[in-house]
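**Student:** based on what follows, work out the 3D shape:
(one chain, ligands or ions: 1)
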Amino acid sequence: MMQHPINQCDREPIQYPGKIQPHGALLVVNRHNLLVEQVSPTIHQYLNISAAEVLGKPIHELLSPYQYHPDFEQGAYQLIQTAKGETYLVSHYTADYLLLEFEPFLGYTYNEEAIMSKMLHYLNQSDSVSVSFKEAVKNVKEITGFHRVMVYMFHEDGHGEVIEELADPGLEPFLGLHYPDSDIPKQARELYKKNLVRLIANVAAPDSILERIPGSENNPPIDLSDSILRSVSPVHIQYLQNMGVAASFSISILSQGELWGLIACHHYQPKQLDYRQRLHAKMIGQMLSTTVRFQAEEEKQQVLGFWRDNTSNLIRQMRQSDSILTGLTHGNLDLLSINSASGAAILYEDQLTLVGHTPPPSFVRELAVFLQKASTKQVFQTNHLASVYPEAARYADSASGILCAPLSADLNDTILWFKPELEQEIKWAGNPDKAVILNEQGETRIEPRSSFAIFIQSLRGRSEKWSTAELTNAYKLREEILLLIQEKINQLRRLNEELKKAYEELDSFSYTISHDLKTPLATIYNFAELLLEEDPAIDNRLLTQKILRNASRMQQMIKEVFNYTKLGREPIKLQPIDMQSLLFQIREDMLDAYKDTKPDLQIGNTPAVYGDSTMIGQVFSNLVSNAVKYSSKKEKPTVQITGEMIDDSVVYSIVDNGIGMDPRHTDNLFHLFYRLPDAKTFEGTGLGLAIVKRIIDKHQGKLWFETERNKGTRFYIKLKKTESA
Ligand code: ADP
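**Tutor:** Modelled structure (predicted):
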């Protein structure tokens, strides 16, 4: 075990080690004066002078014997001849320093162009990421010659899994093994994002500790995160040693700025890779990054698009259906079409409907009560129901995961989706619970793991997780259902109000009808009795005529009552109406009916209105015939009809010079059978204006009047000009 276990490995300052791996040399040069401030003792192998002699020297003076290029570009290398032979000189800048690293040139025998083109070929050809992984490990193995090359993928919770592997014969396979997240702490993962390749050439070689200009020993340590030779954290060294690894090399795979995984290489003897080999391996990693990103996106988009479309279609299906329940459960699509659930339940108005693979109804009802009590007002999800509701353990095969969309706060109405238990066995390389150790103070201490013995963990009662897309769709569907429920409530309320009104109307209607029909009926009755008496003093012919007149009045009233009631039921067919021909027709009819009085019927502007042509015809014929009728006893009866467009509406006025109305008697003008006392000498039933009012209301228009007794009356009608208005 280690001498100095490190508390909270996540906080170990691994980018400030003050030392490097010994297979190269590092010069830390002040960017401002270009003097060397720190150096590794290994510099001696390259420059043939000791570290002490190098410190404080101008960099150009030190390098002058070695045909170097004086511009040190960020991240670039140059090949120079040093005491150690052909050497890579690699430069990196930090805020205040220039890091110059020396590494031996090793050369290689593979054909990098062939490898790259092969890799690209596979990436372009194959639809599946796993083929790309296979090709990548093969090529990286060829480039590096390491004993084992793996693709190591990070899961959402940070733990890793070996998903592809190419290892030399005789090596125990790691494929399929899982590693706890503490094996690669967070800050190490951050560095993998920064340095896309990382070599540990010899786990056992002692580090080369940087020497500093005398007097600067207490200066803060220098950030070596860009250094390729940066020494390795002791915890990680120990970890690799416990695994039996002598050299390790990793290449980062990034997806959308995050560390998706690594191509991890192990060697069981020390092994160096030179700059170009690392560069080639890095290129493979970058190609893989692109593929991983594109393929993941594409696969995601496909599923997401499919579910999203289904959600919209399911909503449409529900809206077109006569009940929410039928719409969601009977049709081409159902609740299972919008996510990957294997069962669903809808509890609505106390009726429970199950779809697919679900627990029994009694349990679903209990669960709904539990969830409602737990006051989950919003969409709620878990992939381990038994952890919040232990009774669910019995139904793990159908309900390990649930997604719940409550439909009302006070009722149990809800939609539930179920996912079954995932038969999951995780093979850990060592017990993950032992990866983090608590010390006597209760602090977490991460010690390098000493055991990698395979530990099989079986996960019970857990389902596959609910994805964001699944949650989004549940939200969307829930919103739409709530909207529809609200609409239905409003509709019911409106219907209820209409019904109430209709009921009240019916009440007064039956009263007036019986009252008004009684008068002619009583007359008929009386005259008929008189007829029976066969009294010679009475003119039977006259009696019969009176009976007939009253009967026809009754008939007229019944006809109009029928018309009036029919209006309430009939749907209106809205369309633009040609008012000119409608009014001219009415005028003709009027002139026929009033041949003797010869009223002057003037028609002005006739803008079209938007309405039901039969009903609007009835409106005008009632108003015009009233105007003609109630002015017919004037010396020169005159009626003017004209229309005017005002904004989106049309206002028609019908003006007469007739008897007018006494304003004290006009309050009930639009009531059924209502007639003013002045009208008694005119034929009429008192139904015309009630019909007009009802039609205008149905059109959501307006009806009003101005009148003066003995002078005349003006009726106004306001209607829509077009559909949208
Ligand atoms: P009626 O069959 O009696 O004409 P209406 O419902 O058409 O029934 O009209 C109701 C009452 O309104 C009429 O009886 C009359 O008193 C009054 N009225 C309607 N139109 C006019 C008008 N143009 N001039 C004077 N009074 C009118």
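**Student:** centroid residue for the chain?
**Tutor:** Centre of the chain computed as the mean C-alpha position; nearest residue by CA atoms, centre = their mean is Thr472, 4.5 Å away.
**Student:** looking at Phe527 now. What's its pLDDT?
**Tutor:** Phe527 is assigned 87 on the pLDDT scale.
**Student:** how about the strand or helix carrying it, does it get close to the ligand?
**Tutor:** Assigned by DSSP states H and E, Phe527 belongs to helix 468-533. No: with CB under 6 Å from any ligand atom as the criterion, the ligand is not reached by helix 468-533; the gap is at least 11.3 Å. For the C-beta atoms, the positions are set from N, CA and C on the backbone; glycine is no exception.
**Student:** chain center to that helix, what's the gap?
**Tutor:** Its chain's average C-alpha position is 42 Å from that of helix 468-533, according to CA atoms, centre = their mean, to the nearest Å.
**Student:** can I see the domain layout of the protein?
**Tutor:** 18-104, 112-202+225-300, 425-458, 575-720 (automatic domain parsing).
**Student:** pLDDT weak spots in this protein?
**Tutor:** 1-13, 127, 299, 375-376, 433-450, 512, 724-725 (pLDDT under 70).
**Student:** what does this protein put close to the ligand?
**Tutor:** Residues of the chain lying near the ligand by CB under 6 Å from any ligand atom: 622, 626-627, 630, 656, 658-661, 669, 674-676, 679, 684-690, 713.
**Student:** out of the residues you listed, list just those in helices.
**Tutor:** Using DSSP state H, 622, 626-627, 688-690 are the members of the residues of the chain next to the ligand that sit in helices.
**Student:** what count of nearby residues applies to Leu471?
**Tutor:** By the measure other CB atoms under 10 Å, the count of residues near Leu471 is 16.
**Student:** which single residue of the stretch 451-600 of the chain ends up nearest the ligand?
**Tutor:** Scanning the stretch 451-600 of the chain for proximity to the ligand using CB to the nearest ligand atom identifies Glu560 as nearest, at 8.2 Å.
**Student:** sec struct for Ile163, please.
**Tutor:** Secondary structure, DSSP: H, G, I helix; E, B strand; the rest coil: Ile163 is strand.
**Student:** in contact with it, which residues?
**Tutor:** 130, 133, 151-153, 175-176, 261 (CB atoms under 8 Å, 6 or more residues apart in numbering).
**Student:** mind putting the residues you listed into TSV with secondary structure and neighbour count?
**Tutor:** Formatted as TSV, the contacts of Ile163 follow (DSSP: H, G, I helix; E, B strand; the rest coil; neighbours: other CB atoms under 10 Å):
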residue	secondary structure	neighbour count
Ser130	helix	12
Phe133	helix	24
Val151	strand	28
Tyr152	strand	22
Met153	strand	17
Leu175	coil	14
Gly176	coil	13
Gly261	strand	28
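**Student:** can you tell me which of those residues is nearest His44?
**Tutor:** Tyr152 (37.4 Å; CB to CB).
**Student:** do I have it right that the closest one meets Trp260?
**Tutor:** No: with contacts counted by CB atoms under 8 Å, Tyr152 stays clear of Trp260, the gap being 10.0 Å.
**Student:** give me the number of residues near the nearest residue to Asp662 once chain neighbours are set aside?
**Tutor:** Leaving aside its chain neighbours, Asp662 sits nearest to Arg709 (5.2 Å; criterion: CB to CB, 6 or more residues apart in numbering). Residues contacting Arg709 under the criterion other CB under 10 Å number 15.
**Student:** where do the helices sit along the stretch 551-700 of the chain?
**Tutor:** Applying DSSP state H, counting those that start in this stretch to the stretch 551-700 of the chain gives helices spanning 579-593, 613-629, 688-698.
**Student:** mind listing what's buried along stretch 144-161?
**Tutor:** 144-154, 159-161 (16 or more other CB atoms under 10 Å).
**Student:** columns secondary structure and distance to Lys193 on top of those, output as TSV?
**Tutor:** Listed next are the buried residues of stretch 144-161 as TSV, based on DSSP: H, G, I helix; E, B strand; the rest coil; distance: CB to CB, whole Å:
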residue	secondary structure	distance to Lys193
Thr144	helix	21
Gly145	coil	26
Phe146	coil	22
His147	coil	26
Arg148	strand	24
Val149	strand	21
Met150	strand	19
Val151	strand	17
Tyr152	strand	15
Met153	strand	15
Phe154	strand	12
His159	coil	18
Gly160	strand	15
Glu161	strand	19
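**Student:** wait, which of those is closest to the ligand?
**Tutor:** Nearest member of the buried residues of stretch 144-161 to the ligand, counting by CB to the nearest ligand atom, is Phe154, at 83.4 Å.
**Student:** tell me the bridge partners for that closest one.
**Tutor:** Gly160 (DSSP bridges).
**Student:** hang on, the earlier thing: got a markdown table for the helices of the stretch 551-700 of the chain, with mean neighbour count too?
**Tutor:** Below are the helices of the stretch 551-700 of the chain laid out as a markdown table (neighbours: other CB atoms under 10 Å):
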| stretch | mean neighbour count |
| --- | --- |
| helix 579-593 | 16 |
| helix 613-629 | 21 |
| helix 688-698 | 20 |
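**Student:** got these as TSV, with distance to Leu506 columns?
**Tutor:** Compiled in TSV, the helices of the stretch 551-700 of the chain are given as follows (distance: least, CB to CB, whole Å):
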stretch	distance to Leu506
helix 579-593	31
helix 613-629	21
helix 688-698	14
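**Student:** do a quick rundown of the helices in the stretch 51-200 of the chain.
**Tutor:** For the stretch 51-200 of the chain, the helices defined by DSSP H, counting those that start in this stretch occupy 51-54, 59-63, 112-125, 129-144, 186-194.
**Student:** which residues sit against the second one?
**Tutor:** Contacts to helix 59-63, defined as CB under 8 Å, 6+ apart, come from residues 27, 29, 34-36, 47, 54, 70, 80, 98, 100.
**Student:** can you rerun that using 10 Å?
**Tutor:** 27, 29-30, 33-36, 39, 43, 47, 49, 53-54, 57, 68-70, 72, 80, 82, 89, 98, 100 (CB atoms under 10 Å, 6 or more residues apart in numbering).
**Student:** among the residues you listed, which are located in strands?
**Tutor:** 27, 29-30, 36, 39, 80, 82, 89, 98, 100 (DSSP state E).
**Student:** any of those residues buried? List them.
**Tutor:** Counted by 16+ other CB under 10 Å, those give 27, 29-30, 36, 39, 80, 82, 89, 98, 100 as buried.
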